[in-house]
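# show me the folded form of this:
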Amino acid sequence: MRILIAEDDMTSRRFLSKFLTKYGECDVVVDGMEALDAYLIAVKENNPYDLVCLDIMMPKVDGVKVLKAIRDFEKQRGLAQEERAKIMMITALADTEYVHKAFEYGCEAYAAKPIDTEKLVEVMYTLGVIKNNS
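Predicted coordinates for the structure are as follows:
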């Protein structure tokens, strides 16, 4: 599995990368522009991400805008639902408006900081990006 982690907070970035490396190859970026670049490069190289973890509040372009750009791009390419990247939003915000907007744009899951690793594994299992719940 290929995973893209877009997170501007170094502690969260390290934690997610260390944890998710058990489940696949992780690429890590620090802002929304890098996230879009990494996503597009992966598609161009015909090696797309299976899971994209986007922090909502990032410099340059926030996670919700990155989510919308990815979904618009997938729509333009005519990708079927099962071919699209699974996108999980990650935030420390208690602001439900951002979360609602993210689900409107097509994210599949949402995780609040601090990340509960058991719930994260459960969500990845439910999304079908990992095969067993262990």
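# in this structure, which spans are helices?
Under the criterion DSSP state H, the chain contains helices at 10-20, 32-44, 63-76, 96-105, 117-127.
# of those helices, which shows the lowest average pLDDT?
In terms of average pLDDT, helix 96-105 trails the rest of the helices of the chain, at a mean of 90.
# ok and it relative to helix 63-76, angle-wise?
10 degrees (axes from the mean of the first three to the mean of the last three C-alpha atoms, to 10 degrees).
# tell me what helix 96-105 is packed against?
Helices and strands touching helix 96-105, by 3 or more C-beta pairs under 8 Å, 6 or more residues apart in numbering; DSSP states H and E, are helix 63-76, strand 86-91, strand 109-112. C-beta here means a position set from N, CA and C on the backbone, and glycine is covered the same way.
# contacts only, for residue 8.
30-31, 55, 57-59 (C-beta atoms under 8 Å, 6 or more residues apart in numbering).
# and of the residues you listed, the nearest to residue 107?
Top of the list for closeness to residue 107, among those and by C-beta to C-beta, is residue 55 at 12.2 Å.
# so that closest one touches residue 10, yeah?
No - counting by C-beta atoms under 8 Å, residue 55 does not reach residue 10; the two are 11.7 Å apart.
# in terms of neighbours, single out the busier of the two.
residue 55 (26 against 9; other C-beta atoms under 10 Å).
# now the more buried one: how far from residue 30?
Applying C-beta to C-beta, to the nearest Å, the value for residue 55 to residue 30 is 9 Å.
# between those two, what contacts are shared?
What both residue 55 and residue 30 touch, as defined by C-beta under 8 Å, 6+ apart, is the set 6-8.
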